[in-house]
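S.K.: What follows is a predicted structure for the sequence shown.
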There are 2 protein chains.
Amino acid sequence: MPVRLKDIARDLNLSKMTISKVLRGQTDVSADTKARVLQRAKELNYRPNTTARTLRTGQTFMIGMVVPAIGETFLAEITEGIDQVIRSAGYGLMVCPSQQDPKNEERLVELMLSRQVDAILVAPMDESAPLFERLGKNQTVPLICLNRRLSGPSENFVGINEQEVGRVACEHLLAMGSRRIGYLRGPHTPVGDNRYLGYREALTNADHAFHPELVIDAMGTDCSDYTRGFEGMLKLLMGRTRPDGVMAYSDIMAVGAIDAALSRNIKIPEGIAFVGCGNDPMVCEMRVPLSSVVLPGQEVGQRAARMALRLIANPGKAENRKIFISPKLVERKSSMRCR
Amino acid sequence: MPVRLKDIARDLNLSKMTISKVLRGQTDVSADTKARVLQRAKELNYRPNTTARTLRTGQTFMIGMVVPAIGETFLAEITEGIDQVIRSAGYGLMVCPSQQDPKNEERLVELMLSRQVDAILVAPMDESAPLFERLGKNQTVPLICLNRRLSGPSENFVGINEQEVGRVACEHLLAMGSRRIGYLRGPHTPVGDNRYLGYREALTNADHAFHPELVIDAMGTDCSDYTRGFEGMLKLLMGRTRPDGVMAYSDIMAVGAIDAALSRNIKIPEGIAFVGCGNDPMVCEMRVPLSSVVLPGQEVGQRAARMALRLIANPGKAENRKIFISPKLVERKSSMRCR
DNA sequence: ATGAAAGCGCTAACAT
DNA sequence: ATGTTAGCGCTTTCAT
């Protein structure tokens, strides 16, 4: 039912080879023929069968991406960055959400491989096995791991320097004069653990004592991040060591914490300074404008895409690089004390 | 470099036909042969070339989806619903974000068509031209329009009944005893316009006067939805007609409005009752728990996926249906006045 | 139970 | 400037 080269060829008494040449922009065709072919193709609403082309050429001009779920702002920024780089190179991006199912994640990676995408980017879930373990070593399609660090030593990786995230937030609070810095800690994942390490590192670098009671495991999947931040903050306020600076794993947790502090009539930032993480535009302008550590998702996407294009251009040359993007800090009122 | 049927066949002194049969689970193969083939395939880490298979069979077992951007919660829910339905049928979902570029959106639809996906779902942007206009009428691949209603009369559509969204919110406030209901209106898009119509409809049905000064065009892309809600609410409070109930286009706008009201020492819900829209879990538990209109994204996805599978199973039979999912209301403190 | 032949729609390489 | 041949890896059909 769909129109093929053959159909156009028949209509114009030409060989399908000539049609193919015209439609791919080859120059060794007469101007007249070219015009006729283009017109007929348009009339018939011809669409090339990319499947056949791929089978022949081995190239899809598609980059596949496997993610736990769409919906996260950070991932959306990453795809923007990818798109900016690959579109001008003629590539397209297709995203497959695994819906948080490790089996499905694996199935989708297999699917993309068998679909001959030219490169694969994977933002693995926390529960994922390292990618190469499950793919067999004889991997020919370039594969890049994003965001989380579950990658083995031989994998390509692009992501945020998460330890620096924790360090930057803590150093900022120190610079703002906070001495007892509380941490509303996130999940015990590679990302969460690294941020925590950064927090500890900043304290050590500044010769500050570490108070274990200032770290709150704001866990529990039964309530929202906001509530976790709120309750965590209340716990901090009830503790022996009263913090004068608080950083949170996410912006929304920080907002919850701020609300808890306000409910106790604490002045922000004078009484306690706050820093969140993610720089979520929806959240950072609320109530007390929130200082936040920016995770440059677009940059992650751009670097990953460039790496992918490089790997595609040089097959076999496993470059095996790990790229860590540094976070940035946006200062807003929640931490702006007199220096 | 990748392993092919031919390679396994050579190793085992069989024809590639036999290999193909085994790997597709045909039964007319001896148990012994079958075992040997399976083992060798595993050893070589064989992955079928789906491109070749598709070229031969005409089926990809893939459903393509084109969206303005990933990152929206509502779209994420839709993909969950889709996945639930199609996965058990052996189909996969690939999502292509157009990054808000109409040209790119069109290009991606073309790309999926030429890639032989078995069906296409499009969540168009507001700026999109109706789909069928740009595709030519001789469309054979099933195509379904999601979410927004830019669809022409001959298109398949699954989405939210947006007018009902506005109506439900307004009716709820009326039932809670509000008499002067303010509306922090969203963008002037098909979705926004329909919700507004629902608001008007509810007022009319209840024989309530419509006060134009109670509708605030909370527009402007220069600030966040929160700020728009906040400022919009301040405007409402400065107007001649003081509202005793307020509905907002989004949850985050409602939260902004609530903060504005609280800053004026207004009691919630006693002084003013509030209803948001979207039931965003991140937002609805904040400060004053927010009543919100639920947009059942999963259901949209499920219905769309079922429609897609139906269309795939009955090629040519254009069923041309429009399905509107009704929203639901979740009542929380922000609107719970004594009845 | 196994295999040979043909072809899906396209393009690379090579005539004419 | 145009056309012929061959084949990408797989599956459908029809022998054996």
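M.R.: Noted; the coordinates are in hand. Given the structure is predicted, the values throughout are model-derived calculations rather than measurements.

S.K.: which strands and helices sit next to the lowest-mean-pLDDT helix or strand in chain A?
M.R.: Within chain A, no helix or strand scores below helix A:131-135, which has a mean of 71 by mean pLDDT, DSSP states H and E. Secondary-structure packing of helix A:131-135 (3 or more Cβ pairs under 8 Å, 6 or more residues apart in numbering or on different chains; DSSP states H and E): helix A:102-114, strand A:143-146. In short, each C-beta sits where N, CA and C put it, glycine included.

S.K.: Go through these and pick out the most buried.
M.R.: Counting by mean count of other Cβ atoms under 10 Å in any protein chain shown, strand A:143-146 has the highest mean neighbour count of these, with a mean of 25.

S.K.: ok, is it in contact with chain B or not?
M.R.: No: using Cβ under 8 Å from any Cβ of the partner chain, strand A:143-146 stays clear of chain B, coming no nearer than 13.6 Å.

S.K.: what's the distance between A:Asp78 and A:Glu164?
M.R.: Heads up, residue A:78 is Ile, not Asp. 18 Å (Cβ to Cβ, to the nearest Å).

S.K.: Show me which of the two is the more surrounded one.
M.R.: A direct count of neighbours by other Cβ atoms under 10 Å in any protein chain shown for A:Ile78 and A:Glu164 places A:Ile78 higher, at 31 against 20.

S.K.: buried ones in the stretch of helix or strand A:Lys6 belongs to?
M.R.: In this assignment (DSSP states H and E), A:Lys6 forms part of helix A:5-12. Taking 16 or more other Cβ atoms under 10 Å in any protein chain shown as the neighbour-count basis, helix A:5-12 is seen to contain the buried residues A:Leu5, A:Asp7, A:Ile8, A:Ala9, A:Asp11, A:Leu12.

S.K.: same thing with stretch A:262-276?
M.R.: By neighbour count on 16+ other Cβ under 10 Å, the buried set for stretch A:262-276 is A:Leu262, A:Ile266, A:Ile268, A:Pro269, A:Ile272, A:Ala273, A:Phe274, A:Val275, A:Gly276.

S.K.: Tell me which residues touch the closest residue to A:Val283 other than its chain neighbours, please.
M.R.: What sits nearest to A:Val283 in space, not counting adjacent residues and going by Cβ to Cβ, 6 or more residues apart in numbering or on different chains, is A:Asp251, at 4.3 Å. By Cβ atoms under 8 Å, 6 or more residues apart in numbering or on different chains, the residues touching A:Asp251 are A:Gly276, A:Cys277, A:Gly278, A:Asn279, A:Asp280, A:Val283, A:Cys284, A:Leu290, A:Ser292.

S.K.: Tabulate those residues (a markdown table), appending distance to A:Arg321 and secondary structure.
M.R.: Formatted as a markdown table, these follow (distance: Cβ to Cβ, whole Å; DSSP: H, G, I helix; E, B strand; the rest coil):
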| residue | distance to A:Arg321 | secondary structure |
| --- | --- | --- |
| A:Gly276 | 31 | strand |
| A:Cys277 | 26 | strand |
| A:Gly278 | 26 | coil |
| A:Asn279 | 26 | coil |
| A:Asp280 | 29 | coil |
| A:Val283 | 33 | helix |
| A:Cys284 | 32 | helix |
| A:Leu290 | 34 | coil |
| A:Ser292 | 29 | strand |
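
S.K.: so which of those residues comes closest to B:Asp207?
M.R.: Among those, A:Val283 lies closest to B:Asp207 (Cβ to Cβ), at 40.6 Å.

S.K.: Would you point out which residue of the stretch 51-200 of chain A is nearest DNA strand C?
M.R.: A:Ala52 (3.3 Å; Cβ to the nearest atom of the strand).

S.K.: phi, psi of that residue?
M.R.: Main-chain torsions, A:Ala52, degrees, to the nearest 10: phi -60, psi -40.

S.K.: Isn't it up against B:Leu55?
M.R.: Yes: A:Ala52 is within contact range of B:Leu55, at 5.4 Å (criterion: Cβ atoms under 8 Å).

S.K.: what about the helix holding A:Lys6 and chain B, touching?
M.R.: No: shown here: helix A:5-12 not in contact with chain B (Cβ under 8 Å from any Cβ), separated by at least 12.6 Å.

S.K.: and that helix, what does it pack onto?
M.R.: Judged by 3+ Cβ pairs under 8 Å, 6+ apart, the packing partners of helix A:5-12 are helix A:16-23, helix A:31-43.

S.K.: right, so the ones you listed: which one is the most enclosed?
M.R.: Ranked by mean neighbours (mean count of other Cβ under 10 Å), the helices and strands packed on helix A:5-12 are led by helix A:16-23, with a mean of 18.

S.K.: how about that helix, does it get close to chain B?
M.R.: No: judged by Cβ under 8 Å from any Cβ, helix A:16-23 stays clear of chain B, getting no closer than 11.9 Å.

S.K.: likewise stretch A:38-58?
M.R.: Yes: residues of stretch A:38-58 are located near chain B by Cβ under 8 Å from any Cβ, namely A:Asn45, A:Arg47, A:Pro48, A:Asn49, A:Thr50, A:Thr51, A:Ala52, A:Thr54, A:Leu55.

S.K.: Is it correct that the last one falls within a strand?
M.R.: No: counting by DSSP: H, G, I helix; E, B strand; the rest coil, one finds A:Leu55 to be helix, located in no strand.

S.K.: burial of the spatially closest residue to it that is not a sequence neighbour, as a residue count?
M.R.: Spatial nearest neighbour of A:Leu55, chain neighbours left out: B:Thr51 (5.0 Å); criterion: Cβ to Cβ, 6+ apart. Other residues near B:Thr51 number 23, with proximity taken as other Cβ under 10 Å.
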